[in-house]
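Enquirer: Give me the fold of what follows.
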Amino acid sequence: MARILLIDDDEALCELLTEYLVGEGFTVQAVHDGTQGEAAAAAEPWDAIILDVMLPGMNGFDVLKRIKPKTSAPVLMLTARGEDTDTVLGLELGADDYVAKPASPRVLVARLRALLRRHGEEGDAGVVRVGDLALDEGGRRVTVGGEEIVLTGAEFNLLALLVRHAGHVVPRDVLAEDGLGRALQAFDRRIETHMAQIRRKLGPLPDGGARIQTVRGAGYQYVSR
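Expert: Below is the predicted model:
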């Protein structure tokens, strides 16, 4: 079930599109201004983002520039009918497609499905994404907000285990055996040491929260909003 973030200040239109998209099998969250849209885009992983050009406070182009480094989700922009300048500018700033308003829900769903198919075909099946973090298991690369983070081999293995199970606790003994290749010993602090380094290198979530939580007596969890 594809997860869609809808950023549009027209609440009536959002209700209409949400109802239609949910009926077509999508999960939808709607926000109604640019600041909320930027925060929501970075807070959790989305399969696609629908972004209106005309927003109060911060317009869609500014939102697009801010969210592109923070999410790998394709962006479909809603532009005023006949505004070719808006369309060209949106595509130049990184939008993946556009639909002119007033948008027919059927047309929007068709373009959205095509965008998701295209994005899926172009994407790397070995890349795991959680919010603004992307972990390429084949290339053993990690990026946060589009910037590469340099990790040691052990740090990468541990982070990969956490990210694959984002939102769930990974026990310390699993991290030790699968991530470091050897069982924990009495008073062994290797996991804690590596986790401290990983946290330092990744930094906090866009909202300032911790990316990796310690669950006392159990293990560690990569936060998935």
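Enquirer: list the buried ones in stretch 93-110?
Expert: Across stretch 93-110, burial judged by 16 or more other C-beta atoms under 10 Å covers 93, 95, 96, 97, 98, 99, 100, 101, 103, 108, 109. (Each C-beta comes from the backbone N, C-alpha and C, glycine too.)
Enquirer: Now pLDDT, distance to residue 147 and secondary structure too, for those, in CSV please.
Expert: Putting these into CSV (pLDDT from 0 to 100; distance: C-beta to C-beta, whole Å; DSSP: H, G, I helix; E, B strand; the rest coil) gives the following:
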residue, pLDDT, distance to residue 147, secondary structure
93, 78, 19, coil
95, 84, 22, coil
96, 84, 21, coil
97, 84, 26, strand
98, 83, 28, strand
99, 86, 31, strand
100, 84, 34, strand
101, 85, 34, strand
103, 78, 34, coil
108, 88, 33, helix
109, 88, 34, helix
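Enquirer: For those, give me JSON lines that also has distance to residue 37.
Expert: Below are the buried residues of stretch 93-110 laid out as JSON lines (distance: C-beta to C-beta, whole Å):
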{"residue": "93", "distance to residue 37": "15"}
{"residue": "95", "distance to residue 37": "14"}
{"residue": "96", "distance to residue 37": "16"}
{"residue": "97", "distance to residue 37": "17"}
{"residue": "98", "distance to residue 37": "16"}
{"residue": "99", "distance to residue 37": "17"}
{"residue": "100", "distance to residue 37": "20"}
{"residue": "101", "distance to residue 37": "17"}
{"residue": "103", "distance to residue 37": "17"}
{"residue": "108", "distance to residue 37": "17"}
{"residue": "109", "distance to residue 37": "20"}
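Enquirer: now, which of the residues you listed sits nearest residue 131?
Expert: The nearest member of the buried residues of stretch 93-110 to residue 131, counting by C-beta to C-beta, is residue 96 at 18.8 Å.
Enquirer: Distance of the closest one relative to residue 36?
Expert: For residue 96, the distance to residue 36 (C-beta to C-beta, to the nearest Å) stands at 21 Å.
Enquirer: what's the helix or strand hosting residue 106 in contact with?
Expert: If you go by DSSP states H and E, residue 106 is part of helix 105-122. Outside of helix 105-122, the residues within contact range by C-beta atoms under 8 Å, 6 or more residues apart in numbering are 2, 4, 16-17, 20-21, 24, 26, 47-48, 50, 74, 76, 96-97, 99.
Enquirer: how about a cut-off of 7 Å?
Expert: Residues from elsewhere that reach helix 105-122, judged by C-beta atoms under 7 Å, 6 or more residues apart in numbering: 2, 16-17, 20-21, 24, 47-48, 74, 76, 96-97, 99.
Enquirer: Just to be sure, residue 77 is in a strand?
Expert: Yes: when the secondary structure is assigned by DSSP: H, G, I helix; E, B strand; the rest coil, residue 77 falls within a strand.
Enquirer: Just confirm it contacts residue 59, I think it does.
Expert: No: taking contact to mean C-beta atoms under 7 Å, the distance of 11.0 Å between residue 77 and residue 59 leaves them out of contact.
Enquirer: shared neighbours of those two, anything?
Expert: When C-beta under 7 Å, 6+ apart defines a contact, the residues bordering residue 77 and residue 59 alike are residue 53.
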